[in-house]
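Colleague: Using only what follows, build the 3D model:
(chains A and B)
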Amino acid sequence: MTEPLVRPRRKNPLKRTRLPLRPQGVRSRTAHGLTAAAAEGRFALQICLDCDTVIYPPRDACPSCLSARIPFREVARGGTLIAETAVRTTTDPYFRERTPWRVGTVKLDVGPVVVAHLHGDAVEGGRVRLELKLDKSGSAVAIALPEKDTENMADDPHLREMTCDPKFRRVLITDGRTGVGQAMAKAFSDAGAAIVFVGLADPWKPFAGMAGLRKIERVEIVPLDVTDTESVTELAEQNGARIDIVVNTAEHIRAGGVVDRHGLTIAREEIDVRYLGLLRLAQAFGPILRFRGADGVNSAAAFVNLLSVHALMNWPAYGGYCATEAACLSAAQCMRAELRPGGVKVVTVFFGPLDIDWFQTVPPPKVTPAALADAVVRALQRGLEDVFVGDVAEDIRQRLAVNPKALEREMAN
Amino acid sequence: MTVDLMAFARAVANGDIRVIDLTQTLSQEFPTIVLPPELGQCAPFRMEEVSRYDERGPAWYWNNISLGEHTGTHFDAPIHWISGKDLPNNAVDTIDVAQFIAPAAVIDCSKECAADPDFALTIPFVEQWEARHGKIEPRSWVLLHTDWSKQPYTDYAGLRDDGAHTPGPEPAVVKWFVEQRDVHGFGTETIGTDFGQGQHFNPPYPAHFYMHGKGRFGLQCLTNLDLLPPKGAVIIAAPLKIKQGSGSPLRVLALVAGGNA
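Modeller: Below you'll find the model as predicted:
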């Protein structure tokens, strides 16, 4: 079992904040096949389509038959930890601060031997499951976990370097007025977040969920309107240094395309709430998150963007909305690069139509706010970067990978 | 008659005429009218800093602002309402500028409103006011002194699950103001000139319907009406000259004789 994490003591304000460092993150273009798998929590290695060899590390040709037909495919992750050692001294600044650091060789059941980071409960000679994770540099690494879950295993310090577990962290949910915002507050409270700040704009506008929101443990309502630069800036100035995870739940969902809408008022509103709102949050909270990327157990960890899966392919029935979501996706990719020096993950969570009023006329399957919130918490616990929630989102992902043009035509029907 | 404008200017300068600001500060937090979410919405006031003596503009500070024509303390022109859409000179850029200065009759119903947020102004109530202060002069603003501007925002907007609960006029009294008293316009401290539940009147939103239908004006989100006398104040309310504008945020000033009392 893993030594359970204890809630971090209050920070000594006389001590300098440790600056974030990153392990070496350079990978070949081919090796980023592992990064793509790690981002989505899949375990994928190259498989030779001609001789069935499973290949590791990534290569440009099959080492046994020289075939170039070696796509990444999900494979079984079981294996045996055949040898382990611990790095006790190193010139690498990131690992110097974290020694001793256990590493080992894992003989996978599917063939290759992989050099992997080791979870504290992975035992030499024992069975392990290998996972691909994004380390602080944003590149894929392998970590060997014990075959079966062990007590407090998420608290393992090596694993926690690769995840954004909300436990003992302080979270900001940017809009508590929506069903998603309220479900998110509940999910983070249940996941052990130390404080769940919940933003609320226009407090003079009553809403049904207010009483429920106040009842959630460790929720603190804070004034926040993502359309108001001053409001966003003020919250960051007051509380930015004690917010470790930002989840942007501000939403603006209206039906209608770009031709068949009357005027730009709605478009301006959705851009203001979603795209400019994201930029305001990014400018206010980004720098302090990036600075606090190695600030102890409750270091800054993640910025979560909730995006319609139609950010990836326009759905003309909600075409204007989708265009704004696409802009948010592009901004999130930029944020990812900008926050990487702090080891802060920018998570994109793609959802299909939600089971909320604004998608009232859309037939199931739909994603409930609670399911979306659970998916976000699980993604942070696993350290994922790209998440697809619900059948529609998964369907779009798969169809997009096969034939984007066909998907575009079919979305128009 | 000779007019001594210099004497007027001196009276303003030495305080014989007091200038009272009836305007709410344009701020991001100030409530804006709320319509059902599927309808078009009035933009709240927002401000983006262009530069503040920094790399974006080394020696100067300035902002870009965005807002609706009906954000904060604002003026309603007749074109705002369907009943006034075909009148001549019905938009803020074409209204005769002399109309922007007019006297005011200030009707105090603050006690009644404190007791009942659904206080509705009636003809008998105004007749009682006239019995004390004399008949409303033609071409006067009628300003409803409710003290609503002193309410915290939640009560100021007065939103419940059946809509807003804020004081305002009944249809009959608005029609009477226009037809029997030839008023200049109607001004309130609340978010709109109409009663909070005014959509259920016949006609709906009578202050808008009758006032604008007869080419009269509206002022809302006023403050400091408690500092005005029942009669005798002169209101300066000049909206921005927006091309075919339906209204405009503005600075509303009242001139009150009475010196430095």
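Colleague: ok, and for the helix or strand harbouring B:Ala114, which residues are buried?
Modeller: B:Ala114 belongs to helix B:110-115 when assigned by DSSP states H and E. Of all the residues in helix B:110-115, those buried under the rule 16 or more other CB atoms under 10 Å in any protein chain shown are B:110, B:113. To be clear about C-beta, it is placed using only N, CA and C from the backbone, and glycine gets the same treatment.
Colleague: Count the residues that sit near the residue of the stretch 101-250 of chain A found nearest chain B.
Modeller: Nearest residue of the stretch 101-250 of chain A to chain B (CB to the nearest CB) works out as A:Trp204 at 3.9 Å. Residues contacting A:Trp204 under the criterion other CB atoms under 10 Å in any protein chain shown number 18.
Colleague: In terms of pLDDT, where does B:Ala261 sit?
Modeller: B:Ala261 carries a pLDDT value of 46.
Colleague: Look up phi and psi at A:Phe407.
Modeller: Careful, residue A:407 is Leu; it's not Phe. Backbone torsions of A:Leu407, given as degrees, to the nearest 10, read phi -60, psi -40.
Colleague: ugh, wrong one, I meant A:Val309
Modeller: The phi/psi pair for A:Val309 (degrees, to the nearest 10) reads phi -60, psi -20.
Colleague: my guess is the residue of the stretch 101-250 of chain A closest to chain B meets B:Ala164, correct?
Modeller: No: A:Trp204 is beyond contact range of B:Ala164, at 10.9 Å (criterion: CB atoms under 8 Å).
Colleague: A:Pro93: what's it in contact with?
Modeller: Each residue near A:Pro93 by CB atoms under 8 Å, 6 or more residues apart in numbering or on different chains is listed here: A:Leu21.
Colleague: repeat that with 10 Å
Modeller: Going by CB atoms under 10 Å, 6 or more residues apart in numbering or on different chains, A:Pro93 touches A:19, A:21-23.
Colleague: Buried subset of these as a PyMOL selection?
Modeller: PyMOL command restricting the contacts of A:Pro93 to the buried ones, with burial defined by 16+ other CB under 10 Å:
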select buried, chain A and resi 21+22+23
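Colleague: Now do the strands for the stretch 101-250 of chain A: every range, in order, please.
Modeller: A:101-108, A:113-118, A:127-134, A:140-146, A:170-173, A:195-200, A:219-223, A:245-248 (DSSP state E, counting those that start in this stretch).
Colleague: Run the contact check for the helix holding B:Ala114 versus chain A.
Modeller: No: under the criterion of CB under 10 Å from any CB of the partner chain, chain A is not reached by helix B:110-115; the shortest gap measures 17.7 Å.
Colleague: Give me the sheet partners of the helix or strand just after that helix and which way each runs.
Modeller: Downstream of helix B:110-115, the first helix or strand assigned by DSSP H and E is strand B:120-121. Sheet pairing for strand B:120-121, assigned by DSSP bridges, gives strand B:168-169 (parallel).
Colleague: contacts for the helix holding B:Ala114?
Modeller: Contacts with helix B:110-115, where a contact means CB under 10 Å, 6+ apart, come from B:119-121, B:125, B:144-148, B:150-151, B:166-168, B:189-190, B:225-226.
Colleague: can you pull the contacts of residue 122?
Modeller: Since no chain was named, I'll use chain A. Residues near A:Ala122 by CB under 10 Å, 6+ apart: A:81, A:84, A:102, A:104, A:106, A:116, A:128-130, A:143-147, A:150, A:156, A:158.
Colleague: my bad, chain B
Modeller: By CB under 10 Å, 6+ apart, the residues touching B:Thr122 are B:128, B:169-170, B:172-173, B:176.
Colleague: who wins for most neighbours among the residues you listed?
Modeller: Greatest neighbour count in the contacts of B:Thr122, by other CB under 10 Å, goes to B:Pro169: 30 neighbours.
Colleague: With adjacent residues omitted, what lies nearest to A:Phe350?
Modeller: Closest residue to A:Phe350 apart from its sequence neighbours, by CB to CB, 6 or more residues apart in numbering or on different chains: A:Val309 at 4.1 Å.
Colleague: Then A:Val180?
Modeller: Leaving aside its chain neighbours, A:Val180 sits nearest to A:Pro369 (4.4 Å; criterion: CB to CB, 6+ apart).
Colleague: Could you double-check that that neighbour sits in contact with A:Ile173?
Modeller: No: the pair A:Pro369 and A:Ile173 fails to qualify as a contact (CB atoms under 10 Å) at a distance of 11.7 Å.
Colleague: Of these two, which one has the most company?
Modeller: More crowded of A:Pro369 and A:Ile173, by other CB under 10 Å: A:Ile173, with 33 against 21.
Colleague: hang on, the earlier thing: any residues in contact with both of A:Pro369 and A:Ile173?
Modeller: Applying CB under 10 Å, 6+ apart, one finds that A:Pro369 and A:Ile173 are jointly contacted by A:180-184, A:186-187, A:249.
Colleague: how close does the closest residue to chain A within the stretch 51-200 of chain B sit to B:Val234?
Modeller: Closest to chain A within the stretch 51-200 of chain B is B:Tyr153: 3.9 Å, counting by CB to the nearest CB. Distance, B:Tyr153 to B:Val234, using CB to CB, to the nearest Å: 30 Å.
Colleague: Now for the residue nearest to A:Val180: which residues touch it?
Modeller: Contacts of A:Pro369 by CB under 10 Å, 6+ apart are A:178-184, A:186-187, A:249, A:351, A:354-356.
Colleague: do the same with A:Leu235
Modeller: With contact set as CB under 10 Å, 6+ apart, A:Leu235 has these partners: A:172, A:174, A:197, A:199, A:222-226, A:243, A:281, A:284-285.
Colleague: Ranking by neighbours, what's the top pick from those?
Modeller: The most crowded member of these is A:Thr174, carrying 31 neighbours; neighbours defined as other CB under 10 Å.
Colleague: Could I get the pLDDT score of it?
Modeller: Looking at A:Thr174, its pLDDT reads 98.
Colleague: Pull up the overlap in contacts between A:Trp204 and B:Ala164.
Modeller: Counting by CB under 10 Å, 6+ apart, the contacts common to A:Trp204 and B:Ala164 are B:34, B:156-158.
Colleague: can you point me to the longest helix in chain A?
Modeller: Criterion DSSP state H: the longest helix present in chain A is helix A:319-339.
Colleague: for it, what is the average pLDDT?
Modeller: For helix A:319-339, mean pLDDT rounds to 98.
Colleague: and what of stretch B:93-105?
Modeller: What stretch B:93-105 shows for mean pLDDT is 98.
Colleague: Pull up the distance across that stretch, start to finish.
Modeller: Taking CA to CA, to the nearest Å as the measure, stretch B:93-105 stretches 26 Å from start to finish.
Colleague: how far does it sit from the chain's center?
Modeller: Centroid displacement of stretch B:93-105 relative to its chain, using CA atoms, centre = their mean, to the nearest Å, is 13 Å.
Colleague: ok, now stretch A:328-343?
Modeller: Between the centre of stretch A:328-343 and the centre of its chain there are 12 Å (CA atoms, centre = their mean).
Colleague: Which parts of that stretch count as buried, going by neighbours?
Modeller: A:328-329, A:331-332, A:335-336, A:339-343.
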